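Visitor: Let me see the structure of the following:
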Amino acid sequence: RIHRNTQRLNKIDEPSALMAARYLRKGLSNEDRESKTFIDAVTKNLYKLRDDKFEIDSNLIKSIASMCLPRRTGAKVKSVVTYNFDDLLERQLSKNAILHRCIYTDNESYDPDELPIYHVHGFLPEKRNLYDGLDNSTLVFSEEGYHQIYSDPYHWSNLVQLNSFRESNCLMVGLSMTDPNLRRLLDISSKNVERSKHFAFMQRLSSSKFCYELTGGKREKVIENTEAADKFLERHHTLNEELMKELGVTIIWFEKFDDIPEIIENVIRHEN
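Guide: Residues are numbered from 1 along each chain as shown. Presented below is the predicted three-dimensional model:
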């Protein structure tokens, strides 16, 4: 009954993800154990809700880990900045015998032969006992955590991202590119830069998805003039390319999510 009521409330009064997380944290906690209760609940459900029909080491995770393999000419990937809480990439890196170090607080350090994995929005590994200092990690899952980072220009996570954007060529995978703080940091780092130096995977909006929608299990046409829709979408994609270039980012369009690991593997083969 509670689950049905929650679904109904979300349908009628849709909050943003950050607002919903703050609401959830308040509902799950009490004054004495507020933080721990919330983090334990998020961690438990983060891994519990994974679809077991799919392998935990997906083709995408495998392809990203493959990019991190050191080459004969040296390391191609200097660091990984992730906005995910999970440890799926770390598991794959360990499986591939790639030395790495998780960085989730401002006092972490790593050896020169280790690949730093920066969890700039917090880290919730499934087995917390394997890591030290997790309680000091800033969990940017709820609105107040996001505001804490957004309002502090010298927060370590902002500095890590800015340094990466200014000093390296970044490939962005799995990002909507709509996060205000990410766009702000990209905007700052792209000042006085003549050409785009970063790349982001973004899904092209197809004509069929734009002109049709599923209603009651039936595919119904909602845009009659498909020819005009195609021209509109062409302009839409071109405009997005121009806007992202202002942030120093070149878009790599893909149709299906399965295309991403294939593109990454092609890049790896080309480098070799």
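Visitor: from here on, contacts and neighbour counts on C-alpha atoms
Guide: OK.
Visitor: Now do the longest helix seen in the chain: which elements does it pack against?
Guide: Ranked by residue count under DSSP state H, the longest helix found in the chain is helix 226-246. On a contact count with 3 or more C-alpha pairs under 8 Å, 6 or more residues apart in numbering; DSSP states H and E, helix 226-246 meets helix 207-211, strand 249-254.
Visitor: Highest mean neighbour count out of these?
Guide: Comparing these by mean neighbour count (mean count of other C-alpha atoms under 10 Å), strand 249-254 ranks first with a mean of 19.
Visitor: Pull up the pairing partners for that one, direction included.
Guide: When pairs are called by DSSP bridges, strand 249-254 turns out to pair with strand 198-203 (parallel).
Visitor: how far off helix 226-246 does the partner strand point, in degrees?
Guide: Using axes from the mean of the first three to the mean of the last three C-alpha atoms, to 10 degrees, the inter-axis angle of strand 198-203 relative to helix 226-246 is 160 degrees.
Visitor: quick one: residue 120 and residue 173, what's the gap?
Guide: As for residue 120, its distance to residue 173 is 15 Å (criterion: C-alpha to C-alpha, to the nearest Å).
Visitor: Over to residue 50?
Guide: Taking C-alpha to C-alpha, one finds residue 50 at 19 Å from residue 173.
Visitor: I'd like to know how many residues surround residue 231.
Guide: 11 (other C-alpha atoms under 10 Å).
Visitor: Could you do residue 169 as well?
Guide: Count around residue 169 with other C-alpha under 10 Å applied: 15.
Visitor: and it, what does it touch?
Guide: By C-alpha atoms under 8 Å, 6 or more residues apart in numbering, the residues touching residue 169 are 197-199.
Visitor: If you count neighbours, what's buried in the longest helix of the chain?
Guide: 229-230, 233, 237, 241, 244-246 (16 or more other C-alpha atoms under 10 Å).
Visitor: Mean pLDDT lowest where, among the helices and strands packed on helix 226-246?
Guide: Per-segment mean pLDDT for these reaches its minimum on helix 207-211, at a mean of 90.
Visitor: quick revisit: more crowded one of residue 50 and residue 173?
Guide: residue 173 (16 against 11).
Visitor: Report the separation between the residue nearest to the more buried one when sequence neighbours are not counted and residue 257.
Guide: Among residues not flanking residue 173 along the chain, residue 201 sits closest, at 5.7 Å (C-alpha to C-alpha, 6 or more residues apart in numbering). Counting by C-alpha to C-alpha, the gap from residue 201 to residue 257 is 10 Å.
Visitor: Pull the number of nearby residues for the residue nearest to residue 173.
Guide: The tally of other residues near residue 201 (other C-alpha under 10 Å) stands at 20.
Visitor: Can you verify my assumption that it contacts residue 172?
Guide: Yes - at 6.3 Å, residue 201 counts as touching residue 172 under the criterion of C-alpha atoms under 8 Å.
Visitor: List the contacts of residue 265.
Guide: Listed by C-alpha under 8 Å, 6+ apart, the contact set of residue 265 reads residue 63.
Visitor: Please repeat the previous calculation with a cut-off of 10 Å.
Guide: 59-60, 62-64, 66-67, 271 (C-alpha atoms under 10 Å, 6 or more residues apart in numbering).
Visitor: what does the average pLDDT come to for stretch 55-69?
Guide: Average pLDDT, stretch 55-69: 92.
Visitor: Pull up the distance across that stretch, start to finish.
Guide: 21 Å.
Visitor: That stretch: which residues count as buried?
Guide: Across stretch 55-69, burial judged by 16+ other C-alpha under 10 Å covers 60-69.
Visitor: of those, closest to residue 44?
Guide: For the buried residues of stretch 55-69, the residue nearest residue 44 by C-alpha to C-alpha is residue 61; the value is 21.1 Å.
Visitor: what helix or strand does the closest one sit in?
Guide: Per DSSP states H and E, residue 61 falls inside helix 59-67.
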